[in-house]
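Chemist: Provided below are the primary sequence and the corresponding predicted coordinates.
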Amino acid sequence: MTFLPRLLTRLAAPLLLALPMAFATPVQAQTAPAATDVIREITDAVGLKARFELRATREIDNAAAVVYGGKRFLLYNPDFLNAVNQAGHTDWAGISILAHEMGHHLNGHTLRAGGSQPADELEADEFSGFVLRKLGANLAQAQAAMATVPDGGGSATHPGRTPRLAAIGQGWQRASGQIAASNRGAVPSAAPAVIAARRQPAADSQLMRRLPTTQADDDVVARNESAAGAVRLVGQLTFRSDPSQRYYLTNALKVVRVDDEDNAEVVGRITRTTNGTFPYVLTDSQQRRLFITPGGDVYDHEGQRVAKLHDPS
């Protein structure tokens, strides 16, 4: 269960070989007081006990939650955490990594066979966002470490960067909702981490600008549809797995599927989110979700790009 998917293959085999050395060499395997304090603050924030040992060691590249000899450990390389803090321009970046690995332990992921799973990684990401909001981080700080990871798409074990940022945001928002009623102090900013965006084609940019960005816009769309009594097509979805199947987005943000006989069926709806990387989410009748970027790229929960939202052809 490692934080960075691109290091997973490098870490897995050497980690098992390095564990006895990491635990037996006191000079190389010291628990840093600062990290211990962070773990204590995290467990206090969620009301749980840390039933694992925290070890600092340079025998691994980054951080990992592992089980060895029947005992649970959270291993981390202090040099790696320092580098992440520098890259993310905040100490919250390193704290979020420790929180992520703690999430694996506290959610029981390390007790199951089979290694890392995309759903487990998203659950640990959500836990990290939840914990950092409890500790006082704003959303950008909670996402700082993940924002530095290249968005190279997902893998069989780890989702891509965009759904993971969304999961952190969900955890942050959930914690914020819990404490909003009792928090009389300053509320941390809910602005997400800023990701350098690539230039999008003009047509896609024009399409996304037509989508509502506020609740007032949503209400206007609903009133216009009711008053006009007609549905307007404002976008088209093209899926990689079946590019010939026609899916359209209406002015009420409903997704309709059109068959060869031009019969239309509503199959989902697009809603807004508070995440700048994923401002829209498509949800179908079975509550499955796809995530839409500002440029109209559509991703599944594993971080794979599965479709494109563009102007209707």
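Modeler: Arrived safely.

Chemist: by contact count, what packs against the top strand by length along the chain?
Modeler: Longest strand of the chain, by residue count under DSSP state E: strand 264-272. Strand 264-272 is packed against strand 246-250, strand 254-258, strand 280-284, with contacts defined by 3 or more CB pairs under 8 Å, 6 or more residues apart in numbering; DSSP states H and E. Every residue, glycine included, has its C-beta placed from N, CA and C.

Chemist: what would those look like in CSV with distance to G268, mean pLDDT and mean neighbour count?
Modeler: Listed next are the helices and strands packed on strand 264-272 as CSV, based on distance: least, CB to CB, whole Å; pLDDT from 0 to 100; neighbours: other CB atoms under 10 Å:
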stretch, distance to G268, mean pLDDT, mean neighbour count
strand 246-250, 9, 90, 20
strand 254-258, 4, 90, 17
strand 280-284, 4, 88, 18
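
Chemist: out of those, flag the one nearest G108.
Modeler: Between G108 and the helices and strands packed on strand 264-272, the shortest gap by CB to CB is with strand 280-284, which sits at 27.4 Å.

Chemist: note down every partner strand of that closest one and its orientation.
Modeler: For strand 280-284, the pairing partners within the sheet under DSSP bridges are strand 264-272 (antiparallel), strand 289-292 (antiparallel).

Chemist: average pLDDT for stretch 102-119?
Modeler: In this model, stretch 102-119 has an average pLDDT of 80.

Chemist: and it, how far apart are its ends?
Modeler: 16 Å (CA to CA, to the nearest Å).

Chemist: could I get the buried residue list for it?
Modeler: By neighbour count, and taking 16 or more other CB atoms under 10 Å as the criterion, the buried residues in stretch 102-119 are 102-107, 109-110, 116-118.

Chemist: tell me how the chain divides into domains.
Modeler: Taking automatic domain parsing as the domain assignment, the record places the domains of the chain at 5-179, 202-310.

Chemist: got any ranges where this structure has weak pLDDT?
Modeler: Residues of the chain that meet the criterion pLDDT under 70 lie in 1-33, 113-114, 180-187, 189-190, 194-231, 302, 313.

Chemist: for the chain, what spans make up the helices?
Modeler: Listed from the start of the chain, the chain has helices (DSSP state H) covering 8-24, 33-46, 78-88, 92-106, 118-135, 139-142, 144-147, 161-179, 202-210, 215-228.

Chemist: other SSEs contacting the third one?
Modeler: Taking 3+ CB pairs under 8 Å, 6+ apart as the contact definition, the neighbouring helices and strands of helix 78-88 are helix 92-106, helix 144-147.

Chemist: please save the CA atoms from the longest strand of the chain in CSV.
Modeler: As requested, the backbone C-alpha atoms of strand 264-272 are provided in CSV (Å, rounded to 0.1, in the frame of the first residue of the first chain):
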residue,chain,number,x,y,z
ALA,A,264,-34.1,8.6,-26.8
GLU,A,265,-33.7,7.3,-23.3
VAL,A,266,-32.4,9.2,-20.3
VAL,A,267,-29.5,7.2,-18.8
GLY,A,268,-27.8,9.7,-16.4
ARG,A,269,-27.4,13.2,-15.2
ILE,A,270,-24.5,15.6,-14.8
THR,A,271,-24.1,17.6,-11.6
ARG,A,272,-21.6,20.1,-10.4
